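1. Return atomic coordinates for the entry below.
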Amino acid sequence: MASLGQKLRALRKERRMTQQELCAGLVTSSMISQIESDRVAPSPQLLEELARRLGVQPSYFADDFTQHTDLAQAYRRARSLLETQRYDAALPLLLEVIRHPHHLVRDEVLYGDLAECYEALERWDEACDAYEQVVRISLEKDDVPSAVHAYYSLGHLFRKQNRLAMARMYWQRAVELLSRHPGLEMPLEVKVRTHLGRTHYLLGEYPAALTHLEAAARLAEVRGLSLDLATIRHTMGNVLMETGRHEEARQALEHAMELYARTRNQRGYNQCLVNLGVNLRLAGDIPGARAHFDRCVEDHELQRDSIRLANAYSERALCRLLSGDYTGAEEDARMALGLDRYTKSLQLSARATCAAACLALGRPQEARQVAEQALAGWAPDADTAQKVQLLNVIRRAYAALGDTVRARETALQLAGQLKGAFPHPFPAL
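-> This is a model prediction of the structure:
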């Protein structure tokens, strides 16, 4: 079905009139061009005069004008609802606009709005489909920036669901698309490469993580993006720690701290401070790590940051456990648990340390209870090594309690988890 603009153009050409002749004394020829391409809608008064000049009744355009006006109002209302986060109400309006032929807004923008709605409503599959439509339309128009933005959003969509492999795939597509257009400078490229590098890190793919993080760092340095560069160096420090390159990790973390201080990002600075101690522990310098965490828990800025302070106490608890100070380990682990009750990884780690300390202090029943509490909150994406540690504590606790049947059952569970797990060293208890 022809739109209002298409009808107007066809009728003008049928009358052998130019745009200048049709608009003389009314509007500019540019306005007529925009109406004919459906980029703008004429006022009722202008449409009536154009119909008169073309020798037809205004009713010739009535249905098209009404539909165009109704759709425009629907879209304006949808945008208003989106801005106030009323996604349930915006969704049917957006779908109504999509169902009808229109030239109110670019299709990729409209599908982007639709994807935003679905994502906010956690309708993940439909959000993914809408973003995929944005990619398809953008690539058909050779609009690379819009396609990159859609891939970036798709990555975040799957990151929210903790589907890291899917997030990695879409961010990789964005990077590949940017690589095919080296002359295109997009500020978003730094974030895309940073997220891709971090996702490789979380998946244990360390060489790939470093490759993308180094590329992101080069871009951030050239563009003077200090806060982005701080985040990149911070993540690189974590990756280097995991690969045993402890001196390089220290340098990366200290560089990140300088950048965080410059950009006044205290939380980032605090986390790097804690990670420096983790780096010492992983390097095998337990006394040095413990002394570092002694300073951390006394740091005034860190004391105002309960989450990072909880991390420091949890790490010092592990250092104390590894050095045989079981009472101190239990005290620090319980302090960490009290400071941060919501971060699952922290709760898991601190409970594992607390359970091991209780077992070493000759309280197997309490050790078993603490370890089982930790396992109850264990998620499939959590550190398998920690689960191995917890199962080992439970096994040893049952053995100490003389319950050989349950000790054997736990040992079988433990054997099933050992494949591919690389637990941090715990002392022989």
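
2. make it CA atoms for all contacts and neighbour counts henceforth
-> Fine.

3. Quick one: low-confidence residue ranges for the stretch 51-200 of the chain.
-> 58-70, 101-104 (pLDDT under 70).

4. Could you verify my assumption that Glu132 touches Val148?
-> No: applying C-alpha atoms under 8 Å as the test, Glu132 and Val148 come out as separate, 11.2 Å apart.

5. out of those two, which sits in the busier spot?
-> Between Glu132 and Val148, counted using other C-alpha atoms under 10 Å, the more crowded position is Val148 (27 against 20).

6. Can you tell me the closest non-neighbouring residue to the more buried one?
-> Spatial nearest neighbour of Val148, excluding adjacent residues (C-alpha to C-alpha, 6 or more residues apart in numbering): Ala174 at 5.1 Å.

7. tell me the contacts of the one you found?
-> Ala174 sits next to Ala147, Val148, Tyr151, Tyr152, Val192 when contact means C-alpha atoms under 8 Å, 6 or more residues apart in numbering.

8. Nearest the middle, which residue of this structure would you pick?
-> Against the mean C-alpha coordinate of the chain, by C-alpha atoms, centre = their mean, the closest residue is His156 at 4.2 Å.

9. neighbours around Val27, how many?
-> Number of residues near Val27 (other C-alpha under 10 Å) recorded here: 12.

10. Check the one 3 residues further on too.
-> Using other C-alpha under 10 Å, Ser30 has 12 other residues around it.

11. So which bits of the helix or strand harbouring it are buried?
-> Here Ser30, judged by DSSP states H and E, is contained in helix 29-36. Residues of helix 29-36 classed as buried: Ser29, Met31, Ile32, Ser33, Ile35, Glu36 (neighbour count, 16 or more other C-alpha atoms under 10 Å).

12. Over to stretch 347-358?
-> So for stretch 347-358, counting by 16+ other C-alpha under 10 Å, buried means Gln347, Leu348, Ser349, Ala350, Arg351, Ala352, Thr353, Cys354, Ala355, Ala356, Ala357, Cys358.

13. Any chance of those residues in a markdown table with distance to His212 and secondary structure as columns?
-> Shown next, in a markdown table, are these (distance: C-alpha to C-alpha, whole Å; DSSP: H, G, I helix; E, B strand; the rest coil):
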| residue | distance to His212 | secondary structure |
| --- | --- | --- |
| Gln347 | 31 | helix |
| Leu348 | 30 | helix |
| Ser349 | 29 | helix |
| Ala350 | 32 | helix |
| Arg351 | 35 | helix |
| Ala352 | 34 | helix |
| Thr353 | 34 | helix |
| Cys354 | 38 | helix |
| Ala355 | 39 | helix |
| Ala356 | 38 | helix |
| Ala357 | 40 | helix |
| Cys358 | 43 | helix |
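
14. Let me have these in TSV, adding pLDDT as columns.
-> Converted to TSV, those look like this (pLDDT from 0 to 100):
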residue	pLDDT
Gln347	89
Leu348	88
Ser349	89
Ala350	93
Arg351	91
Ala352	90
Thr353	94
Cys354	94
Ala355	93
Ala356	93
Ala357	95
Cys358	95
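
15. would you turn those residues into TSV with distance to Ala78?
-> Listed next are the buried residues of stretch 347-358 as TSV, based on distance: C-alpha to C-alpha, whole Å:
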residue	distance to Ala78
Gln347	42
Leu348	44
Ser349	46
Ala350	47
Arg351	48
Ala352	50
Thr353	52
Cys354	53
Ala355	54
Ala356	56
Ala357	57
Cys358	58
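
16. tell me which of these is nearest to Val239?
-> Ser349 (19.5 Å; C-alpha to C-alpha).

17. Kindly provide the distance from the residue lying closest to that closest one once chain neighbours are set aside to Ala399.
-> With C-alpha to C-alpha, 6+ apart as the criterion, Ser349 has its nearest non-adjacent residue at 6.8 Å, and that residue is Gln386. Distance of Gln386 to Ala399, computed by C-alpha to C-alpha, to the nearest Å: 20 Å.

18. So for these two, which sits in the more crowded spot?
-> Neighbours per residue (other C-alpha under 10 Å) separate Gln386 from Ala399, with Gln386 holding more: 23 against 16.

19. In three-state terms, how would the more buried one be classified?
-> Under DSSP: H, G, I helix; E, B strand; the rest coil, Gln386 falls in the helix class.

20. In three-state terms, label Asn162 for me.
-> When classified by three-state DSSP, Asn162 comes out as coil.

21. picking that back up, which PyMOL command selects the buried ones in the contacts of Ala174?
-> Restricted to buried positions by 16+ other C-alpha under 10 Å, the PyMOL selection for the contacts of Ala174 reads:
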select buried, resi 147+148+151+152+192
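
22. Inside helices: which ones of the contacts of Ala174?
-> Using DSSP state H, the members of those that fall within helices are Ala147, Val148, Tyr151, Tyr152, Val192.

23. Check the gap between Glu126 and Arg99 for me.
-> Counting by C-alpha to C-alpha - Glu126 and Arg99 are separated by 16 Å.

24. swap that for Arg218, sorry
-> Distance, Arg218 to Arg99, by C-alpha to C-alpha: 45 Å.

25. Tell me which of the two has more neighbours.
-> Neighbour count, other C-alpha under 10 Å: between Arg218 and Arg99, Arg218 has more, with 14 against 8.

26. contacts for the host helix or strand of the more buried one?
-> Using DSSP H and E, Arg218 maps to helix 206-223. For helix 206-223, contacts defined as C-alpha under 8 Å, 6+ apart pick out 189-191, 193-194, 196-201, 226, 228-229, 232-233, 235-236, 239, 243.

27. if you set the cut-off to 10 Å instead, what comes out?
-> Residues outside helix 206-223 that contact it (C-alpha atoms under 10 Å, 6 or more residues apart in numbering) are 172, 175, 185, 187, 189-203, 224-233, 235-240, 242-243.

28. counting contacts, what elements does the helix or strand that comes right after that helix pack onto?
-> Counting by DSSP H and E, the element after helix 206-223 in chain order, helix or strand, is helix 226-242. On a contact count with 3 or more C-alpha pairs under 10 Å, 6 or more residues apart in numbering; DSSP states H and E, helix 226-242 meets helix 188-202, helix 206-223, helix 246-262, helix 266-282.

29. Which SSE is immediately downstream of the helix or strand containing Val97?
-> Val97 is part of helix 87-99 when elements are defined by DSSP H and E. Using DSSP H and E, the helix or strand that follows helix 87-99 in sequence is helix 107-120.

30. Give the buried residues for the helix or strand just after that next one.
-> The first helix or strand that comes after helix 107-120 along the chain, using DSSP H and E, is helix 124-140. For helix 124-140, the neighbour count (16+ other C-alpha under 10 Å) marks 124, 127-138 as buried.
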